[in-house]
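Trainee: The sequence and its predicted three-dimensional model are supplied below.
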Amino acid sequence: MESFFQLSDVFAGNVFLYVFALFFSISFVVFVHELGHYSAARVFGVRIDKFSIGFGHELYGRTDKRGTRWSLSLLPLGGYVKIFGDVNRDDPKIWDAETEKIRKLTKEETEVAFYTRALWKRAVIIAAGPVINFIFTFLILAALFSTKGQGSTLPIVTAVAMGTSGYEAGFQPLDEITAIDGRKITRFEDIWALTKPNIGQEYDFTVKRGEQTITMTAASRPIDYKDTKGMNRAHGRLGATHIRALEYKDITSVNGVDVDGDIDRARQEIATHLDQELRLGVAAFDDDKSDIFLIRVPTNMNEGLNDPKDEDYDKFYTGISKEKFYVYRGVPFALVSAAKQMKVLSIEAYKVMELVFSGGARRDSIGGIGTMGQAAEKAVDSGWYTFLVFIAVLSFQIGLVNLFPIPLLDGGYLAFLAYEAVAGKPLSQRFQDYAFALGLAFLVGIVVFANISDIFLFTR
């Protein structure tokens, strides 16, 4: 019962923002997805009986001149397009609502039925949903990157891990990296792009420290670990990095004083050493060890450090600004960056699903409604730019998930069509019915698992 009240408190904080941001995002992205199916079906002359945003009781609807019923339904967590004539090709029959009987299609109905279209056309109609999701994601990211710029990290070192090559080279907190091997640096992402894959490669770093400009030489060293989702990571580590903020719960020691598990003690120790160089122990992902970082905690960015009502009471900032930093490099760069971002999303999604199906995922690797709502609320709080990125990522995820070869999803239909293309005939209706039942059970299981994970996540 106590866990229930804890979970209720989490949701009660910003319930209207949760609901609006989450439902709007899902409904809008699903609308885009279903619009893909709808548009492709129209191109190939297939009739659409219904286009619904949401499920259940219809709240509002109208029927257009082509006979399509456009509906807004009670539960806006999804939606669907009802394509006419998606029936058994060997025995094409439909349910007649007027006579309340099953009957065969008329000649006129056959001409606009889905099942009469060539296999490749049916495949295009099914694939159009995920494809338009991917196109939508690309367009949003490209538009943001080509107008406001790409959300980036200032090229300022805020944390130096002791014992790393960056520490041994002499990097200090608040060092600004202005160039690497003579090439101008404008964001920390460019530094990570060089040092993470190129282990052992020495680079000359031009660093601005106060009024001085100095040069240091360092090379990243290999590191491997499991991240918060349980995924194995292996890459180069310079050790001089940018950490924008840290939560007190992750601090294990302050200048050698053990504060592990004592948030109030961690806050007190840090508050008494503001604007000084601290040696902070930060919990590692996959073991009991802690990295020791040299970090400065500026007073001007942590004015609410001791105020329980402050929105940042659970964390502290280590940089020089809380403001978002954007880099604009023109339209060509924006297009390439959008494509690269989609590649990263694809790789990360693949790794997560690999973990899930192998049984190696941690309990919070897959989130339910609570996790999605919290992500949407945080995106809204961060501003319209972040919220649009959230919608873009959600669109990509929905498109990708729908391509999984699971019956009831678009990927399942495409798998059936692939069999038909190879065998020269469709799968038996009985087999498809069993497959749909198993697919439904699997998807329900995933939803239940994800939402139970949320309960444990929010109440632990």
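Mentor: Sure thing, it's come through.
Trainee: Tell me which helix or strand in the protein has the weakest average pLDDT.
Mentor: In the chain, the helix or strand scored least confidently by mean pLDDT, DSSP states H and E is helix 2-12, which has a mean of 44.
Trainee: Which is the succeeding secondary structure element to that helix?
Mentor: Using DSSP states H and E, the helix or strand that directly follows helix 2-12 along the chain is helix 15-43.
Trainee: Could you name the helices and strands sitting against that following helix?
Mentor: strand 48-63, strand 69-83, helix 119-147, helix 369-382, helix 384-401 (3 or more CB pairs under 8 Å, 6 or more residues apart in numbering; DSSP states H and E). For glycine as for every other residue, the C-beta is placed from the backbone atoms N, C-alpha and C.
Trainee: mean pLDDT lowest for which of the ones you listed?
Mentor: Lowest mean pLDDT within those: helix 369-382, a mean of 77.
Trainee: Which elements pack onto it?
Mentor: Using 3+ CB pairs under 8 Å, 6+ apart: helix 369-382 touches helix 2-12, helix 15-43, helix 384-401, helix 429-459.
Trainee: Serialize the ones you listed to JSON lines and add fields for mean neighbour count.
Mentor: As requested, the helices and strands packed on helix 369-382 are arranged in JSON lines below (neighbours: other CB atoms under 10 Å):
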{"stretch": "helix 2-12", "mean neighbour count": "12"}
{"stretch": "helix 15-43", "mean neighbour count": "19"}
{"stretch": "helix 384-401", "mean neighbour count": "20"}
{"stretch": "helix 429-459", "mean neighbour count": "14"}
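Trainee: I'd like those written out as a markdown table, with distance to residue 122 added.
Mentor: Listed next are the helices and strands packed on helix 369-382 as a markdown table, based on distance: least, CB to CB, whole Å:
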| stretch | distance to residue 122 |
| --- | --- |
| helix 2-12 | 42 |
| helix 15-43 | 10 |
| helix 384-401 | 19 |
| helix 429-459 | 14 |
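Trainee: sorry, back to before: Serialize the helices and strands packed on helix 15-43 to a markdown table and add fields for distance to residue 270.
Mentor: What follows is the helices and strands packed on helix 15-43, written out as a markdown table (distance: least, CB to CB, whole Å):
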| stretch | distance to residue 270 |
| --- | --- |
| strand 48-63 | 47 |
| strand 69-83 | 41 |
| helix 119-147 | 35 |
| helix 369-382 | 24 |
| helix 384-401 | 27 |
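Trainee: give me the low-pLDDT residue ranges for the stretch 201-350 of the chain?
Mentor: 228-230, 285-289 (pLDDT under 70).
Trainee: ok, now with 50
Mentor: Low-confidence segments of the stretch 201-350 of the chain (pLDDT under 50): none present.
Trainee: now the helices for it?
Mentor: Taking DSSP state H, counting those that start in this stretch, the helices of the stretch 201-350 of the chain run over residues 263-271, 331-358.
Trainee: Check which residues of the first one are buried.
Mentor: When burial is assessed from 16 or more other CB atoms under 10 Å, helix 263-271 yields the following buried residues: 265, 266, 267, 268, 269, 270.
Trainee: what would the residues you listed look like in TSV with distance to residue 64?
Mentor: Output for the buried residues of helix 263-271, formatted as TSV (distance: CB to CB, whole Å):
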residue	distance to residue 64
265	65
266	61
267	60
268	65
269	66
270	62
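Trainee: from these, which is closest to residue 417?
Mentor: residue 266 (57.2 Å; CB to CB).
Trainee: Verify the contact between the closest one and residue 248 for me.
Mentor: Yes: using CB atoms under 8 Å, residue 266 makes contact with residue 248 at a distance of 4.6 Å.
Trainee: Who are the contact partners of residue 301?
Mentor: 317, 319, 320, 321, 322 (CB atoms under 8 Å, 6 or more residues apart in numbering).
Trainee: separation between the closest residue to residue 234 other than its chain neighbours and residue 236?
Mentor: Spatial nearest neighbour of residue 234, excluding adjacent residues (CB to CB, 6 or more residues apart in numbering): residue 224 at 4.1 Å. In this view, residue 224 and residue 236 are 11 Å apart by CB to CB, to the nearest Å.
Trainee: Tell me which of the two has more neighbours.
Mentor: Applying other CB atoms under 10 Å to residue 224 and residue 236 shows that residue 236 carries more neighbours, namely 19 against 10.
Trainee: and that one, what are its bridge partners?
Mentor: residue 222 (DSSP bridges).
Trainee: Same check on the one 4 residues further on?
Mentor: Each beta-bridge partner of residue 240 is listed here: residue 160, as defined by DSSP bridges.
Trainee: one step back: and of the helices and strands packed on helix 369-382, who's closest to residue 313?
Mentor: Distance to residue 313, taken as CB to CB, is lowest for helix 2-12 among those, at 15.3 Å.
Trainee: residue nearest the centroid of this structure?
Mentor: In the chain, the centroid-proximal residue (CA atoms, centre = their mean) is residue 393; its distance is 5.2 Å.
Trainee: Give the closest residue to that residue in space, chain neighbours not counted.
Mentor: In space, and not counting its chain neighbours, residue 393 is closest to residue 345: 6.6 Å by CB to CB, 6+ apart.
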